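> Show me how the following folds:
(chains A, B, C, D and E)
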Amino acid sequence: MHPLTFILILLPFVAAACCFWTVSERLRSYIVLTTGGTLMASALLLTFRAPFAFSPEPVWGLDVHDAVKIPDFLLTALILYYGFRRRSFAVIVPTAVQIVLMLWFEGFMIEAPSVQAFYCDNLSLIMVLIISIVGSLICFQAFAYMKIHETHRHLPESRQPRFFGVMMFFLGAMNGLVLSNDMSVIHFFFEATTLCSFLLIGHDGDETAVRNSVRALWMNSLGGLAFTVAMMIIYRNLGTIGLQQILRTSPGAGLSFLAMALLCLAAFVKSAQFPMQSWLTGAMVAPTPVSALLHSSTMVKVGVYLALRLAPVMHGSFLSHCIAIYGAFSFLAGAGLAVGQSNGKKVLAYSTISNLGLIFACIGIDTPESITAAVLLLLFHAVVKALLFLCVGTIEQHIDSRDIEDMRGLYAKMPLTALIAVMGVVMMIMPPFGLLLGKWMAMEAASANIFVIFPTAVGSALTAMYWARWAGTLMSDPFAGKFKPESQPPMTWGVLVSLCAGAGLLSVLSPWVYAKLFTTSMILHYTPPYVLHDGMLENAWGVFAVLPLCAVAVLGFLQSIGAVLWAATGARVVTPYLSGIQTEEPRVFTGPMNRRVQAQAGNYYLSNLFGERTLTVWINLAAGVLLILIVGGTL
Amino acid sequence: MQGEIMDIGLDNLLGETARIKVEGYRFVTISCVEINEIRMELLYHFDRNFQLKHLRLSISRDCRAPSISPVYFAAFLVENEIQDLFGIRFHGLTVDYDRTLYLEKDVKTAPFCKFAVVEKSPVCEEKTP
Amino acid sequence: MTRTIIPFGPQHPVLPEPIHLMLTLDDEVITEAVPAFGFVHRGLEKLVEIRDFHQMIYVVERICGICSMLHAMCYCQGIEEMMGIETPPRARFLRVIWSELHRMHSHLLWLGLFADSFGFESLFMQFWKIREKILDIDEATTGNRIIVSVNVIGGVRKDLTLEQTRGILSELKSVETELKRLETTILNDYTVQNRTVGKGVLTAKQAYELGLVGPTLRASGVMQDARMLKYAAFDDIAFTPVVETDGDCYARCKVRFREVFQSIDLIRQAIGKLPNGEIAVKVKGRPDGEVTSRVEQPRGEVFYYIRANGTKHLERLRVRTPTFANVPALLTMLPGAGLSDVPVIVLSIDPCISCTER
Amino acid sequence: MFEKILTRARMRSPWMLHFDCGSCNGCDIEVLACLTPVYDVERFGVVNTGNPMHADILLVTGTVNHRNRNVLRNLYDQMPGPKVVVAIGACGLTGGIFRQAWNVVGGVDRVIPVDVYVPGCPAKPEAIIDGVVMGLEKFMEKQHVDIS
Amino acid sequence: MIRHGILIAAALIFGPLVGGLISGMDRILTARVQSRIGPPLLQPFYDVIKLLGKEKVVVNVWQAFCANAYLTAASIAVVLLCLRSDLLLILFIQAVGSVFLVVGAFSSTSPYSQIGAHRELLQMLCYEPLLILVAVGVYLQTGSFRIAAVHALHQPMLLKLPFLFLVLGLVLTIKLRKSPFDLSTSHHAHQELVKGLLTDYSGPLLALTEIAHWCDTALLLGFCSLFWATNPIGALLLVAVTYLMEIWIDNVCARMNWRWMLGYGWGMGMALSLVNLVWLYAR
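Alright, predicted model coming up:
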């Protein structure tokens, strides 16, 4: 297990350095491919090893805690430097305070911590799998993407070495974060991801990119500050900064809920929950692989990961209830804002916020069922959302727009990508796919709480609305004769297809994924809430027939495809109904003055109901109140 | 015929119309009558409390008439109709169907004319008022 | 805001007749409405060259099937004025009776279609059920349901017997009671009011300046009704126009609904005062000169300009139908309305496209 | 066997599309009147679909003019087979009183094939219903045509 | 296993059959309300058989996919109802059908079809949360989302969930496309959107959507019947009364617009559910 852990954490760092110094594109692609492949293999191998905990032998008298200390300071100092360089007061102040606090903590407070440096249970394992497999796939796709991206932008010299360097570095940092047990080590990786995010958002270097990257940086450094303070309070109260040690304290034994609240605050910031969502929506200026990797499937998941870790100790507390309501609210608000968007990436961003909110709600409810829901949502959301992001990226490079309106009838232009995107949408909202399984669990678990179930119910309807609208828009197209997939670099379609297939397969296997995660070694020590038999997940009050439904879905799918073939061969093709004045061109009718007019139907974005500008103010206000409630309630 | 009839020329049509509007008359319609090979007659009918007033404009077939639709919006429809059916062109129409209100694209004739049915491009313009 | 462009018509289930409206919408709110015509244009006015002035009655009756009687009446009155013919009093009263019956069936038809335009199918059925009674009267008295063809120059072709007048009065009685029952629904129902009140508002000034006519104008508070010209027998019949002031679709509905009762009243008066005597006079000579003639049709005032040259063929027949005058109102009312209000607003002027284009 | 059931179903479920081609409204409103309580053509399964994609029977009233002939053609083409066209009224048959007007093409059969002619000016609802029922019988002949 | 097989087969056959019969009865009753005689009882079946035998005319081949998927989802939902499975799951699957119907309508470029699709989405937006809340009410009453638990009750749920039953009635009105909610498409075509989202479904595909709609009807009425699950006669009576109310509402209302629907549906539905749920929680 030691080598696997080290490979997972250190190999990306080495690869990052190599990428950074490699000019040759071919060599760089080999580096990334090898690293990605190794990471995937190691992550898969790790599944057989978990759970475990260990500390490596000190090298030259330095254990992991000490080894990270200096880089941690360097990293924070680097953030401070960027704060000065961008002249952002909002970055400088929290970072400076953070450095001072850290100096005090490391210098005066902490004594040799005797905690294990690394710890891996099923939760970490899921995160590692997501990071290593989905992350690597995204990095592969980034090759094809960045090539076109840079051609579009006519850069004098390629910035790809830096880009891939940061991406690789990020993978290592993420693996480190989820495998660490020592909170100060986690803090180091936490800050590292912030920095990576900052660098990647600002990658294109234009004005909006820089502005949005600074916004992401200051918001996240607030999170970092909250994390530091929480760490100090915990150490003062409990005398340890090992996560497992904290979790083992029985509730009420000197555990400070303020610290928990602060940690949750840090988690909310990382997961871009309201009212700190604007950094994530701003981050959409980054190249799409970045959005896919950092801002949907991995980095934003750090927040829910942290909260999940802490869930057992918060069980039944006021804080926990507040988080549940806050999460449900976030789910609703995110979905509402997504309805009002026509910018594809923004829809994805809000949908991410919304889904993370749902996960938080599950964590807040804190029953075995809801925790199961949270974990499944986390897993499936990562895969499917990454897929959708990559689809949008690919589409964007073909049609030069990320607006949903411009994707109208995309099926005619790029059938493969359009179909995969529609599949992605289907997997987002429909049974028997994993996300809906998670949502089903979440709703059944939330039913006991009226404050949670109301926003969840409405939010879920909104979610279905904006996804269905998008899927429909992609397919909105006059009759296209035969299915001819567009030509795309293998790196692109390969990744898309494998993510899509992977998500589908994972959905079919979800009962066994559940079994693996919850029954072989219980996640977070919860008793497994569902019984698995005949491929169905059952508990006392509900049953989700995963496997039978999958079987029926496959049959239905095949039959429907048969219908498509039937329609494609035997049917007469007519132009759509246009009040009898259609012309031979599919969308054109003869209008007034004998002009040929193109009929069109724009999507409804209900801008006066779900307009971003007005709605955001109210949502931020409400979320602010809830946050005050969360933090204030613990005092 | 009921009501007062005024003969007017191309140059004072718009002025008269505007005056009539100020007096509170409503627009009723325009009737076009083909007199002979050259002349056409446009009758502008107005109404105020069931009192009719008619402006009679004699116009050469190949002249453009000024449109009164900027004064009376409702006139645009009938002017377009006359354009289509009699071939008299109006300029300054608020909504100009360009002879497609009733006619298909390929029709170059003026279907309601007895004497000279083929449309000619207008050669004379009236003096601008 | 996203743009939507819809071809509304020529074939569209809420439009009984082909007219095309190119609607541009932002989020179901109309920003622009451009109409296209010519789907019904036949060029009837030019038929004066082929048909003589007697035969033209049959043509003008078919300008529009719904107001056919009033077209013919207007035409005949014009020719009569031109030729100096004095129609016998009984014919004038009979014209009033049939024209008001025509107005009733037209308004009932409209009320049904209007109810249908906001999806109130059962109300549509009820109004059309009542309307059948009027058509039965028409059929019993003239031999045809819709195009009654009673007018000739110099009078009418058919007479009413005493039994027939009694029959009409008793039928009207039952029509009146049945209509009273529907009053609460069409005027006071919450859902109906929701769909009609405040939709397609025209102020009195707007309505007047656009040159609107008929119920559309009167619903905006302008008291103008061609029956005030006291043509036919209206000088002997007590008559005050129905006027509403709100100027919205609801007001138009109310005006028409009240006008049905008014028509019942007018018919009763006409039958009560029906003088005895001839129903038509012989016509001699050919028309010459020019004349204008106006009659209040169900949809508003129709304007005929007739020019004759002493031959049996008229020189020019110009018909300005009420819908032709009301179309500009449509273009003023539609922008700003919602897509779901389009049928309601379009129907609120009671469009008759076959009149408009002739 | 299935053919029999199908033909039976077709004859019992004629969905109609009404297109006013330039009629004077006389026949139009009579067509609508067929749907209303006194005549209630839904007894025979007739539904006014208003949409060519769903219709089996096309009821055309009025004369064809130069502009709406394309519309009529379009609507006819959009209807899935087997389909029946019923021309209603004197104008729909020949152009009627309007046939000499300048913008009149003539009867409906100048543009699309007509199966049933319903005379009258305007045609009475009874006649229209009769025409529709006669149209239904055409389905017997058409059962093998039009659909592949 | 055999019992399950029989149940599934029964659901697949009788679901649409019952839905079709109800639709036939609906048409007769509606006609009677409108002083007409109306079509024969089996009219919906004639319609569907005729449609199945019509020429294949398509606008976009994916409509075939969507119509099929709609039918599949709708019938699975009915099957699960008969198997007395999880209520929430059934609702989700039912929603799948609607989504596919909408996507199919989107795939035509006709603006009528697309606007119809949008309105259908708004209708779903209106009724989906309400349906979930009704299911939550059932859960709070029985302690389980399984329909089997409803059947185990000793007294009708209606007594404890009267307001939620009203909410279900509201949903039913929207779902059955009755006035005032026949926004996206309606049974008779006199509306601004022609046939709305069904505009470009034609022939056999339209038949599929029609059968699927029967399934939906059967499903929702089955849901209604759960509120008096203790007694089959009571259940039947409840469903009959509910459906008569629907027909009555359909015939005394004008069609409203979607803004009103969202306002009224959410306002009324949420308020009623809130009252009922709070009462259940408080107990």
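> From here on, just use CA atoms for contacts and neighbour counts.
Will do.
> For C:Val346, see how far away the nearest residue to D:Leu35 once chain neighbours are set aside is.
What sits nearest to D:Leu35 in space, not counting adjacent residues and going by Cα to Cα, 6 or more residues apart in numbering or on different chains, is D:Val41, at 5.3 Å. Distance of D:Val41 to C:Val346, computed by Cα to Cα, to the nearest Å: 27 Å.
> Please identify the residues of chain C in proximity to chain A?
C:1-12, C:20-22, C:27, C:34-37 (Cα under 8 Å from any Cα of the partner chain).
> of these, list those near chain E.
C:4-6, C:12.
> Can you flag which of these belong to strands?
Among those, the residues falling in strands (DSSP state E) are C:4-6.
> Reformat those residues as TSV; add distance to chain D and pLDDT.
TSV is the format used below for those (distance: Cα to the nearest Cα, whole Å; pLDDT from 0 to 100):
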residue	distance to chain D	pLDDT
C:Thr4	20	85
C:Ile5	19	88
C:Ile6	15	87
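> Regarding the residue of chain D found nearest chain A, what is its secondary structure?
For chain D and chain A, the shortest gap (Cα to the nearest Cα) falls at D:Val71, measuring 4.9 Å. Under the three-state scheme (DSSP: H, G, I helix; E, B strand; the rest coil), D:Val71 adopts helix.
> Tell me how far it lies from D:Arg110.
When distance is defined by Cα to Cα, D:Val71 is 13 Å away from D:Arg110.
> same question, E:Ala95
Separation of E:Ala95 from D:Arg110 (Cα to Cα): 49 Å.
> okay, the two: which has more neighbours?
E:Ala95 (23 against 14; other Cα atoms under 10 Å in any protein chain shown).
> Just give the closest residue to C:Val283, not the sequence neighbours.
Computed as Cα to Cα, 6+ apart, the closest residue to C:Val283 that is not its neighbour in sequence is C:Gly154, at 6.4 Å.
> Backbone dihedrals for the one you found, both of them.
Main-chain torsions, C:Gly154, degrees, to the nearest 10: phi 100, psi 0.
> shouldn't it be in contact with C:Ala280?
Yes - taking Cα atoms under 8 Å as the definition, C:Gly154 is a contact partner of C:Ala280 at 5.3 Å.
> shared neighbours of those two, anything?
Common contacts of C:Gly154 and C:Ala280 (Cα atoms under 8 Å, 6 or more residues apart in numbering or on different chains): C:87-88.
> Compare neighbour counts for the two and give me the winner.
Set C:Gly154 next to C:Ala280 and count neighbours by other Cα under 10 Å: C:Gly154 wins out with 25 against 22.
> just to revisit the earlier point, make TSV out of the ones next to chain E among the residues of chain C next to chain A and add neighbour count.
Listed next are those as TSV, based on neighbours: other Cα atoms under 10 Å in any protein chain shown:
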residue	neighbour count
C:Thr4	23
C:Ile5	20
C:Ile6	27
C:His12	27
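> How about the contacts made by the residue lying closest to the residue of chain D closest to chain A once chain neighbours are set aside?
Residue nearest to D:Val71 in three dimensions, not counting chain neighbours: A:Gly580, with 4.9 Å by Cα to Cα, 6+ apart. Counting by Cα under 8 Å, 6+ apart, A:Gly580 makes contact with C:9-11, D:71-72, D:74-75.
> Which residue would be the closest one in chain A to chain D?
Relative to chain D, the nearest point of chain A is A:Gly580 (4.9 Å; Cα to the nearest Cα).
> doesn't that residue fall inside a strand?
No - read with three-state DSSP, A:Gly580 is coil and lies in no strand.
> Would you quantify the distance from it to E:Gln123?
Per Cα to Cα, A:Gly580 is found 28 Å from E:Gln123.
> any low-confidence regions in chain D?
Applying pLDDT under 70 to chain D picks out residues D:142-148.
> Show me which residues of it sit near chain E.
Contact residues, chain D versus chain E (Cα under 8 Å from any Cα): D:6-10, D:12-13, D:36-38, D:40, D:42-45, D:47-51, D:53-54, D:80-82, D:146-148.
> which of the residues you listed count as buried?
D:6-10, D:12-13, D:36-38, D:40, D:42-45, D:47-51, D:53-54, D:80-82 (16 or more other Cα atoms under 10 Å in any protein chain shown).
> Assign the most centrally placed residue in chain D to helix, strand or coil.
With distances taken as Cα atoms, centre = their mean, D:Leu59 lies nearest the centre of chain D, 2.0 Å away. Following three-state DSSP, the label given to D:Leu59 is strand.
> Do I have it right that it meets D:Leu17?
Yes - counting by Cα under 8 Å, D:Leu17 is a contact partner of D:Leu59 at 6.0 Å.
> How are the helices of chain B distributed by residue range?
In chain B, the segments counted as helices under DSSP state H are B:13-22, B:75-86.
> To clarify, my last question referred to chain E.
Ranges of helices in chain E, per DSSP H, are E:2-33, E:43-52, E:62-82, E:87-106, E:111-142, E:147-151, E:162-175, E:203-225, E:232-252, E:258-282.
> Alright, calling it a day.
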